[in-house]
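# Build the 3D model from these lines:
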Amino acid sequence: MEFKGITLVTGAAGFMGSHLVEYLARKGVRVRATARPRKDISFFQKLGVEYVAADLTKPETLPALFEGGVDRIFHLGAICNFSTPYEKLYPTNVKGVEIFTGLAMQHGVKRYVHVGSTSVYGYYRGTPFVEDSPRDPQDSYGRSKRDGEDVVWGRIRDGFPAIITRPCTVYGPRCNDGAGKAFSRPTDITAIPGSGAQLLSNIRAEDVAAAVEYLSFQDSAVGQAYNIAEDTHPALEEALVMAAQAFGTKVPKAHLPLWLVKVAARVDGFKAARKGKIPDLEYDAVKYLYEDYVVDNSKLKAAGYRMIYPDFRESMRQIAQWYRQQKG
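The predicted model follows:
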């Protein structure tokens, strides 16, 4: 499949979206970036990328995104946190997907890549998550991502050329949200939650960008779902120690019982809610720390994708170098 028209990236102002826009622009792709209206679009201007503001909850703003011949879409536009209730997630993460994919079908888009989340699987059940694992989300965010996926699966049955991807915990330069921020910038983490032996699955934002772009060219990927995860599964304690070493912060050594972590998350949540913010430590996110969380990436690799950062340890060493360069 070749794409000679415009490649549209939704959620382009977010962490993953900005990395994808950057990746595509450097490859010389004609990119149209979109997100909610914002004053500062200098990031896109520096890349020479067109920016068109739109809002998935305002259908009247969406048709303009398709003007001029869009033939490929990467959909990352979503509310991504564990603190927002389902009724507030639904207009963007579910209804917005329904309206947006309907327009994409009307405009004859050649390829639509839906960037979802492994949160659709729910809590770990003792074996690595594969694409055919039951989807049993246990929180509002996961349910909204599952329901948004179901919209896309329905479109696929109607002939829509869509691919579904499920990144796990995403980290890397510029990350300020989600669990991945613990491995992306200096944090105030001073203790290790629980035993610290819990195994993790992570993925660099640069690999998310490269993987979804790679899959978009594969005709055999249409109608399929793909996990996006690294090859390695570091223990939580090792990962936090490596992050502290990378960013020059105090290495956490004490262990904090998970029940106490939940109490702290609940308090943090109340404080953040009064300020209208998302807390750094989200209560529902803590629930994932009671077990391992291992995501299988063999299907993605079988499709021919080769990781830029397959090993978390090597990736963290690279991030440490990047951070030192940024500090100058």
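# From start to finish, how long is stretch 1-17 in a straight line?
End-to-end distance for stretch 1-17: 22 Å, by C-alpha to C-alpha, to the nearest Å.
# Can you point out the buried residues in that stretch?
3, 6-17 (16 or more other C-beta atoms under 10 Å). Bear in mind the C-beta positions are built from the backbone N, C-alpha and C, glycine included.
# Let's see which of these end up in strands.
6-10 (DSSP state E).
# any low-confidence regions in this protein?
Under the criterion pLDDT under 70, no range of the chain is flagged.
# Which parts of it are helices?
Secondary structure of the chain, counting by DSSP state H: helices at 15-26, 42-47, 86-90, 96-106, 140-157, 205-216, 236-247, 258-274, 283-286, 298-302, 312-327.
# helices or strands up against the shortest one?
It refers to helix 283-286. Here helix 283-286 touches helix 258-274, going by 3 or more C-beta pairs under 8 Å, 6 or more residues apart in numbering; DSSP states H and E.
# Contacts for the helix it packs on, please.
Contacts of helix 258-274 with the rest of the structure, by C-beta atoms under 8 Å, 6 or more residues apart in numbering, involve 83, 193-194, 278-283, 285-287, 289-290.
# from these, which ones fall inside strands?
Counting by DSSP E, the part of those found in strands is Pro193.
# Need the max-distance pair from the contacts of helix 258-274.
Greatest spacing in the contacts of helix 258-274, by C-beta to C-beta: Gly194 and Ile278 (22.7 Å).
# So the two - more neighbours on which side?
Taking other C-beta atoms under 10 Å, Gly194 and Ile278 do not tie; Gly194 has more neighbours (20 against 17).
# What distance do you get for that one to Gly269?
Between Gly194 and Gly269 the distance is 19 Å, computed by C-beta to C-beta, to the nearest Å.
# Touching, Glu149 and Ser117? I think so.
No: look at Glu149 against Ser117 with C-beta atoms under 8 Å: they stay out of range, at 9.1 Å.
# Thanks a lot, catch you later.
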